[in-house]
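**Q** could you look at this predicted model? Sequence included:
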Amino acid sequence: MRRADAMLWVAMGVLLSALPASSHHAFTSEFDYNKTVTFTGVITKVEWINPHVYFYLEAKDRNGQVTAWTIESFPPAALRKAGMTREMMKIGDAVTIQAYPAKDGTRTLGWAHKIEFADGRVINISREPDAPPDGK
């Protein structure tokens with residue numbers, strides 16, 4: 001290997017090592033699987049992306065106050081395995097969500113546990129009823 005080639009490889013290694021490393025968070029560090037919150041809302045946005053699918057909903061409380069919710073879930077492949085497709089979550093559709101709430105007290109953030117559609121279909125997303133989604 002020529003010296004110029006070696007220096008190029010070293011320079012590329014240095015540049016690549018300077019890129020920020022992404023880390024994955026544990027479910028139990030962000031969500032409380034000992035509690036659930038259930039609400040009915042209208043889907044306003046869906047991000048069907050890796051590493052997590054996000055559902056955005058607007059739900060009314062008992063007083064008629066509208067609250068915007070962000071619901072995080074598994075990646076698309078895991079949702080498909082649970083029986084859910086991208087086409088099932090349409091903007092404007094009403095759904096009932098059972099979610100694990102955020103540990104930090106954010107009242108409008110949750111992890112999807114169960115989704116019930118207006119036509120009666122129910123998708124259970126969690127692997128086991130009383131276990132955190134990542135098994136920790």
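**A** Sure, I can see it.
**Q** tell me where the protein has helices.
**A** 3-17, 27-30, 76-81 (DSSP state H).
**Q** list the buried residues in the last one.
**A** Along helix 76-81, the positions that meet the burial threshold by neighbour count (16 or more other C-beta atoms under 10 Å) are 76, 79. Bear in mind the C-beta positions are built from the backbone N, C-alpha and C, glycine included.
**Q** just how off-centre is that helix within its chain?
**A** Counting by C-alpha atoms, centre = their mean, to the nearest Å, helix 76-81 is centred 12 Å from the centre of its parent chain.
**Q** all strands for the protein, in order.
**A** Here the chain has its strands, by DSSP state E, at 37-47, 54-60, 66-72, 94-101, 109-117, 122-124.
**Q** any idea which of the ones you listed gets closest to Arg80?
**A** Closest of the strands of the chain to Arg80 is strand 122-124, at 10.6 Å (criterion: C-beta to C-beta).
**Q** other residues contacting the closest one?
**A** With contacts defined as C-beta atoms under 8 Å, 6 or more residues apart in numbering, strand 122-124 is touched by 79, 82-84, 88, 113-117.
**Q** now it: average pLDDT?
**A** Averaging pLDDT along strand 122-124 gives 92.
**Q** now do that strand: distance to the chain's middle.
**A** Worked out by C-alpha atoms, centre = their mean, strand 122-124 lies 15 Å from the chain centre.
**Q** report the buried residues of that strand.
**A** So, applying 16+ other C-beta under 10 Å, buried residues of strand 122-124: 123-124.
**Q** partner strands of that strand, parallel or antiparallel?
**A** Each strand paired with strand 122-124, and its direction, by DSSP bridges: strand 109-117 (antiparallel).
**Q** what is the mean pLDDT for the strand it pairs with?
**A** In this model, strand 109-117 has a mean pLDDT of 94.
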